[in-house]
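*Asks:* Here is the input, now give the coordinates:
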Amino acid sequence: MLKPLALLFSLTVGTAAFAGDLRTPLADPMQSGMWTYHQKELLGDPERIGFDARVIVSAPDNAEDTVNVPLLVDATQLDDVEEILIFADYGPIPHILTYYPGSAEPKIALRFKIDQATAIRASVRTSDGAWHVGSTYVDAAGGGCTAASHAYASDDWEQKLGNIHGKVWADSGRARLIVDHPMDTGLADGIPVFIIQSLDISDVEGAQLARLELHEPVNEDPAFTLYFPPASTPDALRISGRDNNGNVIDGLITVAGYNG
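*Replies:* I've put the predicted structure just below:
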């Protein structure tokens, strides 16, 4: 029998419930019928997986705009974070994003599309191979993943494709970046998948600091806020990547701000 929702909040900071054998499903605080399936399909049958209150997942209770749902994942209470995998249990394409924070803090803000009420998960892998899972629930009327992009209403959308906008706040360690791109899911009638697949965040010398792997539910003109230790925040960040049609993305964001 599944344990009640209160399980999520009964985990104290510094503790997590782990299951070593995925043939015995770990009780899900969201009581979602898709948890066991995604646990195996997306996390790859890890040796250890657990619900952990130190992984904070923040989103609105109700999605007023189903194509731009704000989400904040904060795993800064964990040490040695190597990967953050974000997914929606009842999304037609569940996998939203994978973030490799590298030199950045294990914390990210983004927006995504939602197609129906669902649990949203952030699964955080630490260097010891354990997955720490945080969850929240977002109610939604639906349709976000099947909506056509608004970009095509503009005659110059192709000229803007891949442009980068953003700014670095060196005093706080925060960096905001936006990339102009339709991010079509392939679920709207007659419109094929057209998404950014990867974004590398580097310093101006080319040393990689963090990396993002994007999937279809990421919002149109994807926007991300990344966080760095203030004492070591670069004054400029180079953003480079590629979409599934081979278009190259390359630009710079600085303390003063940049529109490329």
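*Asks:* if I've got this straight, A119 is in a strand?
*Replies:* Yes. Under DSSP: H, G, I helix; E, B strand; the rest coil, A119 falls within a strand.
*Asks:* how about the strands in the stretch 151-260 of the chain?
*Replies:* Secondary structure of the stretch 151-260 of the chain, counting by DSSP state E, counting those that start in this stretch: strands at 164-169, 174-179, 196-202, 208-214, 223-227, 236-243, 248-254, 258-259.
*Asks:* closest to D61 out of those strands?
*Replies:* strand 223-227 (21.0 Å; C-beta to C-beta). Heads up, the C-betas are built off the backbone N, CA and C, glycines and all.
*Asks:* Give me the contact list for that closest one.
*Replies:* 104-105, 107-111, 173-178, 201, 210, 212 (C-beta atoms under 8 Å, 6 or more residues apart in numbering).
*Asks:* what would the strands of the stretch 151-260 of the chain look like in a markdown table with distance to A148?
*Replies:* Below are the strands of the stretch 151-260 of the chain laid out as a markdown table (distance: least, C-beta to C-beta, whole Å):
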| stretch | distance to A148 |
| --- | --- |
| strand 164-169 | 23 |
| strand 174-179 | 19 |
| strand 196-202 | 17 |
| strand 208-214 | 18 |
| strand 223-227 | 19 |
| strand 236-243 | 17 |
| strand 248-254 | 22 |
| strand 258-259 | 26 |
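*Asks:* Could you pull out the helices in the chain for me?
*Replies:* For the chain, the helices defined by DSSP state H cover 7-10, 35-43, 157-160.
*Asks:* Quick one: distance of the second one to the chain centre.
*Replies:* Chain-centre distance of helix 35-43: 17 Å, with C-alpha atoms, centre = their mean, to the nearest Å.
*Asks:* tell me the average confidence for that helix?
*Replies:* Averaged across helix 35-43, the pLDDT comes to 91.
*Asks:* What of stretch 81-88?
*Replies:* For stretch 81-88, the mean confidence score works out to 98.
*Asks:* Over to stretch 117-132?
*Replies:* On average, stretch 117-132 scores 96.
*Asks:* and what of stretch 233-240?
*Replies:* 94.
*Asks:* For that stretch, which outside residues touch it?
*Replies:* 164, 166, 168-170, 173, 175, 177, 179, 199-204, 206, 209, 228, 248-255.
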